[in-house]
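[1] predicted model follows, preceded by the sequence.
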Amino acid sequence: MARHVVATAGEIPVGGKKVVNPAGREICVFNVNGEHYALINRCPHEGAALSYGPVVGCFESKRPGEYALTRHGEMLRCPWHGWEFDIKTGQSWCHPESVKARTYKVEVVAGSHLAKGPFVAETVQVTVDGEYIVVEV
Amino acid sequence: MTIPMPGAIDCDIHPALPDTRTLMPYLDDYWRAHFQMRGLDRDNYDAAAFPANAPINARPDWKPAKGKAGADFQMLKTQALDGFGLKYAICNVLHGAQAIFSEDLSAAFCRAINDWVAKEWLDRDPRLRASIVVPMHSPELAAREIERCAVDARFVQVLVWEMQEIPLGRRQHWPIYRVAEQLDLPIGIHAGSSYRHPPTNLGWPSYYLEDYASWSTGFAGVLNSLISEGVFVEFPRLKVVLMESGVTWLPAWMWRANKTWRGVRAEVPWLEKSPADYAREHVRLTAQPFDSPPNAAMTRKIVEQIDCEDMLLFSTDYPHWHYDGGDALPDGLPDHLIQKILVDNAMKTYPRLKDRA
Ligand code: FES
């Protein structure tokens, strides 16, 4: 496991995402209402790049004819066959226990802290007074 | 194979109404006069879905010398009740009454049929039970008829046609499901159509082969409708029994419905589990006809694919002709499943059988 600097904090807007490639692994980093999450950029169904899917809310209902849109911006819909994934946990809506997209740990770390290492910054220029998004791979 | 033990519960037999005149004593004054005035008593209103001369509808050795197959109580008693050693048999009267356009006339007809069944069949043998026939296109009158008949615990189910004016899941039908759930009555959905629409998805067929063989796709549509509209979410205790619908189409439907649901489940957000799982919990099928594959090993495989031991219910489908002799069960069923199919599953599906057991 190594910690990779993949973006500057603030680079990914709320509701946005960025595909990064630490250690040759394609990962999609999301900003969900100010918190960052990372999923492998490959759908567990048939391998679509999840980064092409829309970020959506959760369509819920207590009974037929009643509708609620909840958890705004917390779900991702796969661009190929529409399976929905919880961005925070990687769990699919339909089979949360058995079908999951792999998640990675994401942190926002101060540049001054990163200077104490160990970390990998292949594509991001790190300065002591900046803040950075770090993914553990 | 033949039934390995006596005491089976037959979930689909068909007593036949000999003719409309038979119903005259069961109509009230107004409707009796109405029938006479219009000459309705001279016509038979047999269900178009079950033409009497189609071989499938009357096994040669179960056909009386004269009259309709299934119309003779003694024959039914000897051949079905005694012949198969049945503990109970559920009478499903297939009749055009449920498809008559006038709601009130349809309701009057249904009331008379239900009273006729109680008197001429249920009263004659303690093993007989019956389904309540209802004017399905009038949910209000149907619900009222269900409540009226349900006072008699020998009515254990509500009978409707598979293909109606509108798909069975639509909310217009829900008053029927509400009262059925409250009264512990499953909805028995029988093969056939009221012919408001073509019985195939493609338009009107030319031949009985096309018509009859297409009905299993109608049943797939029934399940899609009931599940998508959320009937089992709204009525969590409701059971439906698909009767005379074949069985072997079911696994393919499960795979297709599940796959589609995964992609579009957000449009029916009330569903909390897959269509196949709703079916396993709420849907039962009578096992005649089974539409058996060519050998027992394949049957066993299909039973595995259904992956639920509660779904199949025994039926002879008397006097319809799907098998010869006493071969009412398909070969290849695993032993432990047979007792469930013959008895246990029906006892769980029809709570009202317990009342008098
Ligand atoms: S590849 Fe994602 S749903 Fe099929």
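    Cool, the structure landed.
[2] neighbours around residue 105, how many?
    By default, I'm working from chain A. Using other C-beta atoms under 10 Å in any protein chain shown, A:Lys105 has 12 other residues around it. For glycine as for every other residue, the C-beta is placed from the backbone atoms N, C-alpha and C.
[3] meant chain B actually
    A count of neighbours around B:Leu105, defined by other C-beta under 10 Å, yields 17.
[4] and it, what does it touch?
    B:Leu105 makes contacts with B:Trp31, B:His34, as judged by C-beta atoms under 8 Å, 6 or more residues apart in numbering or on different chains.
[5] for chain A, what helix or strand is lowest in average pLDDT?
    Sorting the helices and strands of chain A by mean pLDDT, DSSP states H and E puts helix A:111-114 at the bottom, at a mean of 86.
[6] may I see the buried residues of the helix or strand that that helix is followed by?
    Going down the chain from helix A:111-114, the next helix or strand is strand A:131-136, by DSSP states H and E. The neighbour-count criterion (16 or more other C-beta atoms under 10 Å in any protein chain shown) identifies A:Tyr132, A:Ile133, A:Val134, A:Val135 as the buried residues of strand A:131-136.
[7] surely the first one touches A:His113?
    No - the pair A:Tyr132 / A:His113 is not scored as a contact, 9.1 Å apart, by C-beta atoms under 8 Å.
[8] next, B:Ala213: secondary structure please.
    helix (DSSP: H, G, I helix; E, B strand; the rest coil).
[9] now do the same for it: its pLDDT.
    Residue-level confidence at B:Ala213 comes out at 94, pLDDT.
[10] how far away is it from B:Pro269?
    The span separating B:Ala213 from B:Pro269 equals 36 Å under the rule C-beta to C-beta, to the nearest Å.
[11] out of those two, which sits in the more crowded spot?
    Just comparing B:Ala213 and B:Pro269: by other C-beta under 10 Å the higher neighbour count belongs to B:Pro269, 19 against 14.
[12] now do the contacts for that one.
    A:Phe59, A:Glu60, A:Ser61, A:Tyr67, A:Ala68.
[13] from B:Asp211, how far out is the third one?
    What that stands for is A:Ser61. For A:Ser61, the distance to B:Asp211 (C-beta to C-beta) stands at 38 Å.
[14] swap in the second one?
    Remark: distance between A:Glu60 and B:Asp211 (C-beta to C-beta) = 42 Å.
[15] then the fourth one?
    A:Tyr67 sits 39 Å away from B:Asp211, going by C-beta to C-beta.
[16] and stretch B:155-174, which residues are buried?
    For stretch B:155-174, the buried set under the neighbour-count rule, 16+ other C-beta under 10 Å, comprises B:155-164, B:167-169, B:172-174.
[17] who are the contact partners of the residue of the stretch 101-250 of chain B at minimum distance from chain A?
    Among residues of the stretch 101-250 of chain B, the one nearest chain A by C-beta to the nearest C-beta turns out to be B:Gly230. It sits 3.2 Å away. Taking C-beta under 8 Å, 6+ apart as the criterion, B:Gly230 is in contact with A:Arg63, A:Pro64, A:Gly65, B:Gly169, B:Val268, B:Trp270, B:Leu271.
[18] one more: B:Ile132?
    By C-beta under 8 Å, 6+ apart, B:Ile132 lies in contact with B:Cys110, B:Asn114, B:Glu145, B:Ile146, B:Cys149, B:Ala150, B:Phe155, B:Gln157, B:Val158, B:Leu159, B:Leu185.
[19] centroid residue for chain A?
    A:Ala38 (2.8 Å; C-alpha atoms, centre = their mean).
[20] what sits up against the host helix or strand of it?
    In the assignment (DSSP H and E), A:Ala38 maps to strand A:35-40. Residues from elsewhere that reach strand A:35-40, judged by C-beta under 8 Å, 6+ apart: A:12, A:25-30, A:50, A:76, A:85, A:87-88, A:90, A:101-108, A:133, A:135.
[21] can you say which of those residues are buried?
    The buried subset of these (16+ other C-beta under 10 Å) comprises A:12, A:27-30, A:50, A:76, A:85, A:87, A:90, A:101, A:103-104, A:106, A:133, A:135.
[22] just curious, which of the residues you listed is nearest to the ligand?
    Sorting the buried ones among the contacts of strand A:35-40 by how near they are to the ligand, with C-beta to the nearest ligand atom, puts A:Leu50 at the top with 7.5 Å.
[23] hang on, the closest one packs against A:Phe85?
    Yes - counting by C-beta under 8 Å, A:Leu50 does reach A:Phe85; the two are 7.1 Å apart.
[24] just for chain A, where's the confidence low?
    Scanning chain A with the threshold set as pLDDT under 70 gives A:117.
[25] ok, the closest residue to chain B within it to B:Arg171 distance?
    Among all residues of chain A, A:Pro64 sits closest to chain B, at 3.2 Å; criterion: C-beta to the nearest C-beta. Between A:Pro64 and B:Arg171 the distance, using C-beta to C-beta, works out to 8 Å.
[26] and for the two, which residues touch both?
    With contacts defined as C-beta under 8 Å, 6+ apart, the residues shared by A:Pro64 and B:Arg171 are B:Glu229.
[27] the spatially closest residue to B:Asp317 that is not a sequence neighbour and the ligand: what is the separation?
    Counting by C-beta to C-beta, 6 or more residues apart in numbering or on different chains, the nearest residue to B:Asp317 once its immediate chain neighbours are dropped is B:Gln288, at 4.1 Å. Computed as C-beta to the nearest ligand atom, to the nearest Å, the B:Gln288 to the ligand distance reads 39 Å.
[28] what's in contact with the host helix or strand of B:Leu285?
    Here B:Leu285, judged by DSSP H and E, is contained in strand B:283-286. With contact meaning C-beta under 8 Å, 6+ apart, strand B:283-286 is reached by B:11-12, B:186, B:223, B:239-245, B:247, B:250, B:310-315, B:317, B:345, B:349.
[29] show me where the chain has strands.
    This is for chain A. A:3-8, A:17-20, A:27-32, A:35-40, A:55-60, A:68-77, A:84-86, A:103-110, A:131-136 (DSSP state E).
[30] not what I meant, chain B
    B:8-13, B:86-91, B:128-133, B:155-163, B:187-193, B:240-243, B:283-286, B:312-313.
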